[in-house]
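Trainee: I'd like to go over a predicted model; first the sequence, then the structure.
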Amino acid sequence: MALYHFKYGKTKFSLEMDPAQVAAELKISEKPVLADPVAAIQQAIRNPIGSAPLAQLVKPGETVTLLVNDSTRVANSDVFLPVLLDELNSAGIPDQDITILFALGTHHILSREEMTELVGEPVAKRVAMYNSEAKKAEDFVTLGTTSFGTPVAFHKRAVEADHIICTGSIVYHFFAGFGGGRKALFPGVSAHETIRHNHSFMLHPNAGLGRLKGNPVYDDQVEGAEMCRPSFLLNVVLNEKKEFLGVFAGDYIEAHLAGCKFVESIYGTPLEKPADLVIATCGGYPKDINVYQMQKTMDNAWLAVREGGVVILLAECIEGVGSDMMIDWMKKYQTPERIEEEVRKNFVIGGHKAYAVTRLMKKAEFILVSALPPELASLLLFTPAATLDEAVAIAHKKLGPNPTTLLMPQGGLTVPVLASEK
């Protein structure tokens with residue numbers, strides 16, 4: 001017997017299993033950690049992809065807005081922001097001409113303490129910091145309409161700056177292809193209606209995990225971003241331990257595409273065939289902070305399970321669902337079919353997440369080990385379980401005592417790629 005560990009919130013669950021019953025344990029490819037992240041960041045900024053070095057793009061007297069991730073997307077902003085600020089200072093841009101704008105999209109507003117935790121105390125003391133509140137209409141400037149019909153409005157602190165620098169991390173995204181890149185601007189600091197209309201394209205068959213070419217979500221975002229083109233990009237790729245694996249800087253499209261190829265080489269994990277049972281964890285806090293964030297792991301596990309199989313999800317969801325609208329939709333429409341029918345007629349933020357979650361349940365049963373009240377988990381169409389052992393017992397009751405079992409201890413990162421699809 002062997003003991004397998006799965007991160008859960010800030011703790012973990014352990015499961016004793018016969019290794020012979022484990023078909024595979026999917027993990028990201030082992031890549032060397034950057035020995036000196038700060039030096040690598042400086043090197044990337046000064047030798048960018050598809051762009052002049054940052055110091056040559058800015059001039060004294062100009063203003064710069066840095067778009068920065070919120071707490072739902074780990075980027076180690078506190079490590080690279082001091083390097084960016086120092087580089088800008090050396091190019092003649094003082095701290096008072098630099099602004100940090102948190103790319104919240106439709107996520108919750110950050111407190112001063114949360115902002116400081118994300119950027120680090122030294123940075124918080126140096127530059128002004130603001131939230132992008134998508135529904136605060138007076139904060140946004142309308143720039144036009146894309147060929148996809150999306151009205152484009154970005155936060156005034158981005159639009160009115162002489163330079164926008166997009167920052168963040170690159171990971172797979174379940175309908176936008178990949179995170180990072182243009183997403184810091186669009187949807188990061190976009191008005192609510194801009195985000196809503198763009199996200200409605202998630203229903204398109206070309207919108208999907210790891211897909212950029214021909215993806216209307218991505219194409220619409222780039223077209224909108226071009227209306228207020230970012231001057232520079234700094235994106236990082238991290239491992240499960242939040243250590244730096246790669247730094248990509250330069251043109252916000254070209255450098256991002258280079259980063260996406262790197263991500264594919266790390267997070268794309270080969271899989272011979274789907275399993276009867278998949279046991280997946282998001283990877284602990286903050287990846288499992290709520291159902292909204294957990295859904296990324298659901299998508300990955302969904303790729304690995306067979307039709308009619310079972311997925312066990314370990315996600316604490318200490319902050320609950322993450323959307324009152326999603327709860328309202330689940331109460332009102334109740335089934336995956338009814339939710340899909342409604343979201344196609346009336347696409348709303350929050351409702352789209354109800355669709356994103358429940359569409360996966362047509363393929364397999366999802367057993368959820370979480371801190372959610374069992375009745376709430378059931379409302380969301382999960383089978384609730386209090387512990388991992390209880391979840392396994394429920395799965396074995398359905399599948400029999402010896403199902404082919406796949407383990408995903410880094411479920412929020414690993415993207416199964418079937419041999420038939422390679």
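Mentor: In hand now; what should we look at?
Trainee: tell me which element Gln295 is part of?
Mentor: Here Gln295 sits within helix 291-304, counting by DSSP states H and E.
Trainee: burial measure for Asp16, as a count.
Mentor: Residue 16: Glu, not Asp. The local packing of Glu16 (other Cβ atoms under 10 Å) involves 9 other residues. For every residue, glycine as well, the C-beta is placed using N, CA and C.
Trainee: and it, what is it in contact with?
Mentor: Residues near Glu16 by Cβ atoms under 8 Å, 6 or more residues apart in numbering: Met1, Ala2, Leu3, Tyr4.
Trainee: of all those residues, which comes closest to Glu316?
Mentor: Nearest to Glu316 out of the contacts of Glu16 is Tyr4 (Cβ to Cβ; 18.1 Å).
Trainee: my guess is the closest one meets Ser14, correct?
Mentor: Yes: between Tyr4 and Ser14 there is a contact under Cβ atoms under 8 Å: 6.9 Å.
Trainee: look at the two and report which has more neighbours.
Mentor: Under the criterion of other Cβ under 10 Å, the comparison of Tyr4 against Ser14 puts Tyr4 first, with 17 against 10.
Trainee: could I get the strand or helix carrying Ser14 in CSV with only the CA atoms?
Mentor: According to DSSP H and E, Ser14 maps onto strand 11-17. This file holds the C-alpha atoms of strand 11-17, laid out as CSV (Å, rounded to 0.1, in the frame of the first residue of the first chain):
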residue,chain,number,x,y,z
THR,A,11,-4.2,21.6,4.9
LYS,A,12,-4.3,18.2,3.1
PHE,A,13,-6.1,14.9,2.8
SER,A,14,-4.2,11.6,2.6
LEU,A,15,-5.4,8.4,1.0
GLU,A,16,-4.0,4.9,1.3
MET,A,17,-4.2,2.9,-1.9
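Trainee: distance between it and the chain's centre?
Mentor: 26 Å (Cα atoms, centre = their mean, to the nearest Å).
Trainee: next helix or strand past that strand?
Mentor: Downstream of strand 11-17 (by DSSP H and E), the next one is strand 22-25.
Trainee: quick one: contacts of that following strand?
Mentor: With Cβ under 8 Å, 6+ apart as the criterion, strand 22-25 contacts Tyr4, Leu271, Glu272, Ala275, Thr404, Thr405, Leu406, Leu407, Met408, Pro409.
Trainee: and the third one, how far from Pro416?
Mentor: In this case it means Glu272. Glu272 sits 10 Å away from Pro416 when distances are taken as Cβ to Cβ, to the nearest Å.
Trainee: what is the mean pLDDT for stretch 411-419?
Mentor: For stretch 411-419, mean pLDDT rounds to 85.
Trainee: related to what we said a few turns ago, for the helix holding Gln295, which positions count as buried?
Mentor: Using 16 or more other Cβ atoms under 10 Å as the test for burial, helix 291-304 gives 291-304.
Trainee: can you add distance to Gly208 and pLDDT and give those back as JSON lines?
Mentor: Shown next, in JSON lines, are the buried residues of helix 291-304 (distance: Cβ to Cβ, whole Å; pLDDT from 0 to 100):
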{"residue": "Val291", "distance to Gly208": "21", "pLDDT": "92"}
{"residue": "Tyr292", "distance to Gly208": "19", "pLDDT": "85"}
{"residue": "Gln293", "distance to Gly208": "19", "pLDDT": "86"}
{"residue": "Met294", "distance to Gly208": "19", "pLDDT": "92"}
{"residue": "Gln295", "distance to Gly208": "14", "pLDDT": "89"}
{"residue": "Lys296", "distance to Gly208": "13", "pLDDT": "87"}
{"residue": "Thr297", "distance to Gly208": "16", "pLDDT": "94"}
{"residue": "Met298", "distance to Gly208": "14", "pLDDT": "95"}
{"residue": "Asp299", "distance to Gly208": "9", "pLDDT": "93"}
{"residue": "Asn300", "distance to Gly208": "13", "pLDDT": "93"}
{"residue": "Ala301", "distance to Gly208": "16", "pLDDT": "96"}
{"residue": "Trp302", "distance to Gly208": "12", "pLDDT": "95"}
{"residue": "Leu303", "distance to Gly208": "11", "pLDDT": "93"}
{"residue": "Ala304", "distance to Gly208": "16", "pLDDT": "95"}
